[in-house]
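Colleague: Sequence and computational prediction follow.
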Amino acid sequence: MFADTTPQPSKGNLSFENTEIAFKHASNADLNRAYWLFKAINSNFLVKVGPGMTNFAMNIGLPIKGIIKATIFKQFCGGETIAECDTAIKNLYTGGVGTILDYSVEGEEEESVFDFTRDEIIRTIERATGDPAIPITVFKVTGVGRFGLLEKLDAGTALTAAEEQEWEKVQSRVQAICHKAHQNGIPVMIDAEESWIQVTIDKLALSMMRRYNSEKAIVYNTYQIYRHDKLAGLKLDYDVARTEEFFLGVKIVRGAYMEKERKRAQEQGYASPIQPDKQSADRDYNEALRFCIEHVNRIALVAGTHNEASCRLLADLLNQLNIPHNHPHVYFSQLLGMSDNLSFNLANAGYNVVKYVPYGPVKAVLPYLFRRAQENTSIAGQMGRELGMIVKERNRRKS
């Protein structure tokens with residue numbers, strides 16, 4: 001039922017070792033910058049003291065912005081504005097990789113900022129319209145609403161009259177974004193956040209799917225599989241989508257808030273929502289891939305992962321079930337500046353691949369950048385893998 005008219009590589013033909021394909025888009029200067037940057041990130045000392053030193057330097061007016069923009073910002077971000085991202089968008093698309101424009105300003109509290117962010121997300125949808133290089137868009141609910149408000153809603157705490165009005169505005173902003181996405185036919189993903197605001201986000205995402213996903217997958221929710229309850233939650237949401245006859249948009253990731261989640265659970269004396277170990281998270285992530293592909297007619301999947309085994313599993317599942325590599329319901333996704341060996345080799349084999357391309361003012365994006373660095377050092381072998389690939393390609397070019 002998923003017959004493909006193009007030849008498909010066998011399981012053994014997909015290689016993530018081809019650095020010529022992985023770094024075809026990168027100049028020698030790009031490779032050298034990445035090499036020294038990843039070596040610096042690999043220093044836990046630098047990652048620990050870097051955020052404080054950088055914020056202090058910027059706050060007292062030291063000219064550090066240019067250094068940041070030319071190094072860590074250039075590696076992991078597309079630019080400060082949508083227009084500045086054009087080079088990164090074109091660069092990725094020459095290798096068959098699409099872009100997810102990710103406005104990465106976070107931690108704001110003012111209503112005027114939330115309105116601006118809503119309008120900025122709508123501008124990313126408008127930029128994506130008619131451009132196959134930008135197949136998907138994304139936003140965070142905390143980009144358009146106050147964290148503390150979502151926290152009260154999740155806790156079941158009664159809202160004041162002013163907070164009720166505030167919540168109406170948050171829902172209105174989310175609906176405006178999803179309506180624009182539906183109007184323009186551009187899928188939009190709602191990112192996952194901390195567990196103590198996630199129930200509210202999940203309900204909001206599902207209500208948007210009911211409204212806008214009757215004909216195709218427009219709105220996607222995100223499932224952080226490092227939580228032990230999220231595989232079951234995904235299956236329950238599928239049952240709702242099947243019963244109510246709408247498409248379930250699913251982005252699955254392992255997750256980004258593990259240390260914070262465990263610390264809060266311990267401090268407040270409740271059971272941690274986090275998986276007991278990495279093996280459990282890997283098991284559930286791969287089971288979620290299988291479940292989504294088994295129900296690919298109803299589920300549209302974006303698999304956000306830098307895990308080579310999970311990428312290979314998903315590629316193999318498509319082959320085994322004779323599902324076209326470019327099936328519109330299946331995307332692989334990685335972050336800009338990381339795992340190019342996965343992204344570009346998958347794209348070269350005909351799979352749908354997108355990279356998150358964060359953008360925003362340098363100072364406002366610093367929390368995102370330092371979180372990337374901190375996460376990278378916590379992933380066993382990730383930096384060694386990135387460095388090894390870069391060294392291999394540098395040597396290949398010299399030979």
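Modeller: Sure, I can see it.

Colleague: Going by residue numbers, what spans are strands in the protein?
Modeller: 98-103, 136-139, 188-190, 219-224, 248-253, 299-304, 330-335, 353-359 (DSSP state E).

Colleague: Can you say which of those is nearest to Ser310?
Modeller: strand 299-304 (7.0 Å; C-beta to C-beta). Every C-beta, even on glycine, is put in place using the N, C-alpha and C of the backbone.

Colleague: neighbouring strands for that closest one, and are they parallel or not?
Modeller: strand 248-253 (parallel), strand 330-335 (parallel) (DSSP bridges).

Colleague: got TSV for the strands of the chain, with mean neighbour count and mean pLDDT too?
Modeller: Formatted as TSV, the strands of the chain follow (neighbours: other C-beta atoms under 10 Å; pLDDT from 0 to 100):
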stretch	mean neighbour count	mean pLDDT
strand 98-103	25	97
strand 136-139	26	98
strand 188-190	25	98
strand 219-224	26	98
strand 248-253	25	98
strand 299-304	25	98
strand 330-335	24	97
strand 353-359	24	97
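
Colleague: Tell me which of those sits nearest to Gly78.
Modeller: Going by C-beta to C-beta, the one of the strands of the chain nearest Gly78 is strand 353-359, 4.0 Å.

Colleague: With distance to Thr129 as new columns, can the strands of the chain be given to me in JSON lines?
Modeller: What follows is the strands of the chain, written out as JSON lines (distance: least, C-beta to C-beta, whole Å):
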{"stretch": "strand 98-103", "distance to Thr129": "12"}
{"stretch": "strand 136-139", "distance to Thr129": "10"}
{"stretch": "strand 188-190", "distance to Thr129": "12"}
{"stretch": "strand 219-224", "distance to Thr129": "16"}
{"stretch": "strand 248-253", "distance to Thr129": "18"}
{"stretch": "strand 299-304", "distance to Thr129": "19"}
{"stretch": "strand 330-335", "distance to Thr129": "18"}
{"stretch": "strand 353-359", "distance to Thr129": "16"}
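
Colleague: out of these, which comes closest to Ala271?
Modeller: Nearest of the strands of the chain to Ala271, taken as C-beta to C-beta: strand 219-224 at 16.4 Å.

Colleague: what sits up against the closest one?
Modeller: With contacts defined as C-beta atoms under 8 Å, 6 or more residues apart in numbering, strand 219-224 is touched by 136, 178, 181-182, 187-192, 198, 201-202, 205-206, 208-209, 212-213, 230-231, 233-234, 237, 249-257, 288, 300, 302, 304.

Colleague: what's the single longest helix in the chain?
Modeller: Of all segments of type helix in the chain, defined using DSSP state H, the longest is helix 161-184.

Colleague: got the buried residues for it?
Modeller: Buried residues in helix 161-184, counted by 16 or more other C-beta atoms under 10 Å: 163, 166-167, 169-170, 173-178, 180-182, 184.

Colleague: again, but for stretch 384-399
Modeller: Residues of stretch 384-399 classed as buried by neighbour count (16+ other C-beta under 10 Å): 385-387, 389-390, 392-394.

Colleague: ok, now stretch 193-202?
Modeller: Judged by neighbour count (16+ other C-beta under 10 Å), stretch 193-202 contains these buried residues: 193-198, 200-202.

Colleague: What is the burial count for Pro276?
Modeller: 9 (other C-beta atoms under 10 Å).

Colleague: Tell me how far it lies from Arg262.
Modeller: To Arg262, Pro276 is 11 Å away according to C-beta to C-beta, to the nearest Å.

Colleague: same thing with Leu313?
Modeller: Distance of Leu313 to Arg262, given as C-beta to C-beta: 27 Å.

Colleague: which of these two has more neighbours?
Modeller: Set Leu313 next to Arg262 and count neighbours by other C-beta under 10 Å: Leu313 wins out with 18 against 13.

Colleague: Can you name the residues that contact the more buried one?
Modeller: Residues near Leu313 by C-beta under 8 Å, 6+ apart: 286, 289.

Colleague: before we move on, back to that, pick the one among the buried residues of stretch 384-399 closest to Lys140.
Modeller: Distance to Lys140 across these (C-beta to C-beta) is lowest for Glu386, with 25.9 Å.

Colleague: thinking that closest one is in contact with Leu37, fair?
Modeller: No - counting by C-beta atoms under 8 Å, Glu386 stays clear of Leu37, with 9.6 Å between them.

Colleague: circling back: pLDDT and distance to Asn28 for the buried residues of stretch 193-202 - can I get that in a markdown table?
Modeller: Rendered in a markdown table, the data for those read as follows (pLDDT from 0 to 100; distance: C-beta to C-beta, whole Å):
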| residue | pLDDT | distance to Asn28 |
| --- | --- | --- |
| Glu193 | 94 | 39 |
| Glu194 | 95 | 41 |
| Ser195 | 96 | 44 |
| Trp196 | 97 | 46 |
| Ile197 | 98 | 44 |
| Gln198 | 98 | 44 |
| Thr200 | 98 | 48 |
| Ile201 | 98 | 43 |
| Asp202 | 98 | 46 |
